[in-house]
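Asks: need a 3D model of the sequence below.
(one chain, ligands or ions: 1)
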Amino acid sequence: MEMEKLVSLCKRRGFLFQSSEIYGGLNGFWDYGPLGVELKRNIKDAWWRDMITGHDDLSVLTGAPAKYQMVGLDCTIIMHPQVWKCSGHYDLFHDFMVDCRQSKKRYRHDQVRGRWVEAKGKKIFVSTTAEAAEEEAETERKALKFFKLRSKNADELSWTSDFVSLSAMSDFAEVLGPDANELGTLTPPREFNLMFKTIVGALGSEDDAAFLRPETAQGIFANFKNVVDSSRVKIPFGIGQVGKSFRNEITPRNFTFRSREFEQMEVEFFCRPEESQEWYKYWRDRRYQWYLDLGLADERLQLRDHDSDELSHYSTGTADIEYAFPFLPSGEFGELEGIAHRGNFDLRSHMEGKLNPNTNPLELETNEHGQPKHRGSGKDLSYRDKETNERFIPHVIEPSAGADRAALAFLCEAYCEDEAPDEKGKMQSRTVLKLHPRLAPIKAAIFPLVKKDGLPELAQQIYRELKQDHNVFYDETGAVGRRYRRQDEIGTPFCITVDSQTLQDKTVTIRDRDSLEQSRINMNDCATEVARRIAGKGKVCSENPS
Ligand code: ATP
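Replies: Below is the predicted model of the structure:
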């Protein structure tokens, strides 16, 4: 699938728009249009329902080590600045950037790649930020220009290395920057904190600086004690949150994949340390299955365990769920969700703010005046098992997903071009979004075949009935074939048509978007049939209508 086609469909049909487009847009910010907002809401609702409210506290689910509880939270975007000191974001949430003195452009250090080339007795490193598929052609073009050679003399260029990242180099004197035409214009890499800073209060000074949250997780840790004290949850249990996060990404790119404002769907799952590995495995597999159940294809999805050198210092295991996005070079995958075993790092650091694993977490270190020496809250965030009276700091498993990346993956997977018969039975090409019915923005479209003989009135009656439970759409304009096509393109799984036969026997046709199968059902059964098909994952009904 060509990404441009999906991007254009998203704009044309109102899934996604560039933020502030009338002012030329703002890089890294995206707005969801009338259909996009429904899609994203359906993803977040499916997640909330499947992970939180629909979870059965009373049973052991397949694969789960034991019974567990799930509750939700909705925390603020701006939190006490100390939260980010304790979480490590203030000190460690950095990327490296390089600036170009000539082009005035800024790049993420690890995203600039290049190769060494020699010509006319001089050796230079030609760099680029182009995608892997284009970097060879791009560096050749730049080298020819630099050495003032024509394309037909490309064999005078002798390439002396493979592509390497700029981050592997220590000296940039011989480097030709991605948008420069002279050597040595790139500055040495500088650290750049990804958190957006703001000032709280009208008279605020630098002392009142605060940050927009770069993840939703910390609100959960900060409220751990509140939830335990107020909701009778017992370990093992999880707290989920869905909400906006902000990261001042140096190079936002690939449509919404890397944005500066995005939404996360996160669970912090609290368990006993000795059971944590089992829970880690459970959540890894459960989250992978969730994407499969909602329609991502197994061959484009992978669960990748981090190598030990990729792990954060506190983590004993992290796995990423990755999807083969079409804008990536073939064979490469992009992260949809990370599932991390975070040990007791977060609760401990909010308790005392010390990261030394050798100190007893329940005893705060003191300074020379006998006062607790901590950066954290100083509050006891340990958990007491009421049955055994044991006190411990729970271990945490964190499945952390991005709602925008999930929306993008579902759209990429759903986009398809095939053929469907028109009114006369002639095959015509069509664009179709084969979205899972749970995710589809509109669940069913209702059409009167013609705008007369009382058909619109009957169709509107069905529309009103379905509207009580689903987002449905009524359309009476144009040829019915075109109406089908308009719905196919936005992923509407079912189309219901009222025709002259409806006047005689009260049956209507229901057409399935993917199989194109049409069956007749009683018009009074439309609501149950649509609900049944959505619940049955859109499988086409094989029974005859009564
Ligand atoms: P990446 O390596 O791609 O920057 P990350 O490892 O920093 O991602 P996490 O901190 O694990 O990401 O965040 C959890 C999830 O939040 C990611 O799997 C992704 O779905 C989403 N996410 C993170 N950063 C962004 C972003 N800039 N734009 C959109 N979604 C994001």
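Asks: use CA for all of it now, contacts and neighbours both
Replies: Fine.
Asks: near the ligand, which residues of the protein?
Replies: 257-260, 262, 264, 335-338, 400-402, 404-405 (C-alpha under 6 Å from any ligand atom).
Asks: for residue 492, state which of those residues is nearest.
Replies: Distance ranking of those against residue 492, using C-alpha to C-alpha, places residue 404 first at 20.2 Å.
Asks: just give the closest residue to the closest residue to the ligand within the stretch 401-546 of the chain, not the sequence neighbours.
Replies: With C-alpha to the nearest ligand atom as the measure, residue 402 is the residue of the stretch 401-546 of the chain nearest to the ligand, at 3.2 Å. Nearest-residue entry for residue 402: residue 264, 4.4 Å, with adjacent residues in sequence omitted and distances by C-alpha to C-alpha, 6 or more residues apart in numbering.
Asks: what's the answer for residue 193, then?
Replies: In space, residue 193 is closest to residue 94, 4.5 Å off (C-alpha to C-alpha, 6+ apart).
Asks: next: residue 129.
Replies: Spatial nearest neighbour of residue 129, excluding adjacent residues (C-alpha to C-alpha, 6+ apart): residue 112 at 5.0 Å.
Asks: residues contacting the one you found?
Replies: Applying C-alpha atoms under 8 Å, 6 or more residues apart in numbering to residue 112 gives the contacts 127-129, 165-167, 178.
Asks: state the distance from it to the ligand.
Replies: 16 Å (C-alpha to the nearest ligand atom, to the nearest Å).
Asks: again, but for residue 26
Replies: As for residue 26, its distance to the ligand is 14 Å (criterion: C-alpha to the nearest ligand atom).
Asks: how confident was the prediction at that residue?
Replies: Residue 26 carries a pLDDT value of 96.
Asks: ok, now residue 544?
Replies: 34.
Asks: tell me how many other residues surround residue 308.
Replies: Residue crowding around residue 308 was assessed by other C-alpha atoms under 10 Å; the count is 12.
Asks: over to the one 5 residues further on?
Replies: Burial measure for residue 313: 10 neighbouring residues, criterion other C-alpha under 10 Å.
Asks: helix, strand, or coil at it?
Replies: Classification of residue 313 by DSSP: H, G, I helix; E, B strand; the rest coil places it in coil.
Asks: what's near enough to touch it?
Replies: Applying C-alpha under 8 Å, 6+ apart, we find residue 313 in contact with no residue.
Asks: roughly how far apart are it and the ligand?
Replies: 14 Å.
Asks: max-length helix in the protein?
Replies: As assigned by DSSP state H, the longest helix anywhere in the chain is helix 276-293.
Asks: coming back round to it: need the max-distance pair from the contacts of residue 112.
Replies: Farthest-apart pair in these is 167 and 178; separation 14.1 Å (C-alpha to C-alpha).
Asks: those two: who's more crowded?
Replies: Here residue 167 and residue 178 are compared on neighbour count by other C-alpha under 10 Å; more neighbours surround residue 178, at 22 against 15.
Asks: ok, and the closest non-adjacent residue to the more buried one?
Replies: For residue 178, ignoring the flanking residues on the chain, the nearest one in space by C-alpha to C-alpha, 6+ apart is residue 128 at 4.4 Å.
Asks: and the one you found, what pLDDT?
Replies: With respect to pLDDT, residue 128 scores 95.
Asks: for the residue nearest to residue 402, what are its contacts?
Replies: 215-216, 241-245, 400-404.
Asks: residues in contact with the residue in the stretch 1-150 of the chain positioned nearest to the ligand?
Replies: Nearest residue of the stretch 1-150 of the chain to the ligand: residue 28, at 8.2 Å (C-alpha to the nearest ligand atom). By C-alpha under 8 Å, 6+ apart, the residues touching residue 28 are 249, 252-253, 256, 258-261.
Asks: quick one: it from residue 247, how far?
Replies: Residue 28 is 10 Å from residue 247, where distance means C-alpha to C-alpha, to the nearest Å.
Asks: again with residue 282
Replies: Distance from residue 282 to residue 247, by C-alpha to C-alpha: 29 Å.
Asks: the two - which one has more neighbours?
Replies: More neighbours surround residue 247 than the other of residue 282 and residue 247, with 21 against 16 (other C-alpha under 10 Å).
Asks: where in the protein is pLDDT low?
Replies: 353-375, 537-546 (pLDDT under 70).
Asks: the helices in it, which residues?
Replies: Secondary structure of the chain (DSSP H): helices located at 3-12, 34-48, 81-87, 89-92, 132-146, 217-222, 224-231, 276-293, 345-351, 403-414, 455-467, 480-489, 500-505, 526-535.
Asks: mean neighbour count, those: which tops it?
Replies: Among the helices of the chain, helix 345-351 has the highest mean neighbour count (mean count of other C-alpha atoms under 10 Å), at a mean of 25.
Asks: which helices and strands does that helix pack with?
Replies: Using 3 or more C-alpha pairs under 8 Å, 6 or more residues apart in numbering; DSSP states H and E, the elements in contact with helix 345-351 are helix 81-87, helix 217-222.
Asks: ok, residue 35 - contacts?
Replies: By C-alpha under 8 Å, 6+ apart, the contact list for residue 35 reads 13-15, 441-442, 490.
Asks: and for it, nearest residue in space, chain neighbours not counted?
Replies: Using C-alpha to C-alpha, 6+ apart, the closest residue to residue 35 is residue 15 (4.9 Å).
Asks: isn't that neighbour right up against residue 37?
Replies: Yes: the pair residue 15 and residue 37 qualifies as a contact (C-alpha atoms under 8 Å) at a distance of 7.2 Å.
Asks: for residue 484, which non-adjacent residue is spatially closest?
Replies: The shortest distance from residue 484 to any non-neighbouring residue, by C-alpha to C-alpha, 6+ apart, is to residue 495 (7.1 Å).
Asks: whoops, I mixed them up, residue 151
Replies: Once flanking residues are discounted, residue 151 sits nearest to residue 144: 6.9 Å by C-alpha to C-alpha, 6+ apart.
Asks: quick check: residue 348 vs residue 378, distance?
Replies: 10 Å.
Asks: domain assignment for this protein?
Replies: When the chain is parsed with automatic domain parsing, its domains come out as 3-93+195-410, 97-192, 431-536.
Asks: thinking again about what came up before, how about the residues of the chain next to the ligand, which pair is most distant?
Replies: Distance extremes for those: the farthest pair is 260 and 338 at 18.2 Å, using C-alpha to C-alpha.
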